[in-house]
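Asks: need a structure here:
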Amino acid sequence: MELNLQSKKTLANGVEMPRLGLGVYKMTEPAEAVEAMTAALEAGYLAIDTASLYGNEVQVGEAVRASGVKRENLFITSKVWNTDQGYDETLRAFEKTLENLKVEYLDLYLTHWPVEGKFTDTYRAIERLYEEKLIRVPGVSNHHRHHLEAVFAKANVKPMVNQIELHPYLSQEPLREFCQEENIAVTAWSPLARGKLLEEPVVKRIAEAHGKAPAQVVIRWHLQHDIIVIPKSVRPERVRSNADVFNFTLTGEEMQQLDALNRNERTGKDPDNMDF
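Replies: Okay, here's the model as predicted:
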């Protein structure tokens, strides 16, 4: 499969989602955030992934309007935070997100974490937003298989995306296989393991062989595994570098070497043991 920065993955309902996007977690300084997002859009990124928790939905909207790119050509994702979960609460939180972004619809809206006793009602609200055409794709984040099965039991429309922590140290193969069986696209957050993988000898050796940076090798690993990937950086040069991953291909052996790095090691919380 020949990939480029405009490559998209077709989701369960036929909507096409860019395979590489910009994650904007912890971009809290407004001017810096807008600069990084603007650099991404100028470089050809078509997707920005934010969340109400990140406190930068307003800046995402600013960058989108300043970019000159038509709204319908961009893919904007946001998420409902844990303290806003529940059916009615989610609908209200979504209204606030639209207000922040100053857009008429979202491409993808996600339950941020599976809050016990609430996440199925949260997803029911996301379904309603989908039925009302206020979002193009309904989805979830940080859902294990048993969370997804609980959602399936009450849902009329299954989530079409599950955004999870995923990288060579946490390859999540059983969950990825389950999502594939259920036609749920997987998006990787923290795809570089918060930078830990950049010092991994295997990654560095493969990077040297291709004349690429370690981050580019790891991003390419995700893409070749059919995983949507949203690396984050506030530095415009790094934003551009993270997109320079379409002029080389990892060999089957290199992919296996990276797969073998898995040690089920998280940089964030396990969704079964979250306290926020």
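Asks: tally of neighbours for A36?
Replies: A36 is flanked by 23 other residues according to other Cβ atoms under 10 Å. (Each C-beta comes from the backbone N, C-alpha and C, glycine too.)
Asks: who are the packing partners of the helix or strand containing Q180?
Replies: Q180 is part of helix 173-181 when elements are defined by DSSP states H and E. For helix 173-181, the packing partners by 3 or more Cβ pairs under 8 Å, 6 or more residues apart in numbering; DSSP states H and E come out as helix 145-154, strand 161-165, strand 185-189.
Asks: identify each buried residue in it, please.
Replies: L175, R176, F178, C179 (16 or more other Cβ atoms under 10 Å).
Asks: mind putting the helices and strands packed on helix 173-181 into CSV with mean neighbour count and mean pLDDT?
Replies: Shown next, in CSV, are the helices and strands packed on helix 173-181 (neighbours: other Cβ atoms under 10 Å; pLDDT from 0 to 100):
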stretch, mean neighbour count, mean pLDDT
helix 145-154, 15, 98
strand 161-165, 25, 98
strand 185-189, 24, 98
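Asks: V217: which of these is closest?
Replies: strand 185-189 (14.3 Å; Cβ to Cβ).
Asks: next helix or strand past that closest one?
Replies: Heading C-terminal from strand 185-189 (DSSP H and E), you reach helix 201-210.
Asks: what does that following helix contact?
Replies: 168, 197-198, 213-214, 216-218, 248, 250, 254, 257-258, 260-261 (Cβ atoms under 8 Å, 6 or more residues apart in numbering).
Asks: PyMOL command to pick out the buried ones of those residues?
Replies: To isolate the buried members of the contacts of helix 201-210 in PyMOL, using 16+ other Cβ under 10 Å:
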select buried, resi 168+197+198+213+214+216+217+218+250+254+257+258+261
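Asks: so which of the contacts of helix 201-210 sit within helices?
Replies: P214, Q216, V217, V218, E254, Q257, L258 (DSSP state H).
Asks: which stretches of the stretch 1-150 of the chain have low pLDDT?
Replies: 1 (pLDDT under 70).
Asks: which residue ranges form the strands in it?
Replies: Along the stretch 1-150 of the chain, counting by DSSP state E, counting those that start in this stretch, strands occupy 8-10, 16-18, 22-23, 47-49, 75-80, 106-111, 135-141.
Asks: and the fifth one, which strands flank it?
Replies: Each strand paired with strand 75-80, and its direction, by DSSP bridges: strand 47-49 (parallel), strand 106-111 (parallel).
Asks: tilt between the last one and strand 161-165?
Replies: Meaning strand 106-111. 60 degrees (axes from the mean of the first three to the mean of the last three Cα atoms, to 10 degrees).
Asks: give me the buried stretch members for strand 106-111, please.
Replies: Per 16+ other Cβ under 10 Å, strand 106-111 contains these buried residues: L106, D107, L108, Y109, L110, T111.
Asks: what angle do that strand and strand 135-141 make?
Replies: Going by the same axes, to 10 degrees, strand 106-111 makes 30 degrees with strand 135-141.
Asks: now strand 106-111, how far from the centre of its chain.
Replies: In terms of Cα atoms, centre = their mean, to the nearest Å, the centre of strand 106-111 is found 10 Å from the chain centre.
Asks: can you list contacts of it?
Replies: By Cβ under 8 Å, 6+ apart, strand 106-111 touches 15, 17, 47, 51, 74-80, 85, 94, 97-98, 119, 122-123, 126, 129, 134-141, 143, 161, 163.
Asks: same check, this time on stretch 254-263
Replies: 168-171, 173, 197, 200, 202-203, 206, 209, 217-218, 221, 224-225, 250.
Asks: quick one on the thing from earlier: tell me the angle of the helix holding Q180 relative to strand 161-165?
Replies: Going by the same axes, to 10 degrees, helix 173-181 makes 170 degrees with strand 161-165.
Asks: quick revisit: make TSV out of the buried residues of helix 173-181 and add distance to D275.
Replies: Listed next are those as TSV, based on distance: Cβ to Cβ, whole Å:
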residue	distance to D275
L175	22
R176	26
F178	26
C179	26
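Asks: output the ones in helices among the contacts of helix 201-210 as a markdown table; include the columns distance to G61.
Replies: Shown next, in a markdown table, are the ones in helices among the contacts of helix 201-210 (distance: Cβ to Cβ, whole Å):
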| residue | distance to G61 |
| --- | --- |
| P214 | 33 |
| Q216 | 29 |
| V217 | 33 |
| V218 | 30 |
| E254 | 40 |
| Q257 | 42 |
| L258 | 36 |
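Asks: right, I'll leave it there.
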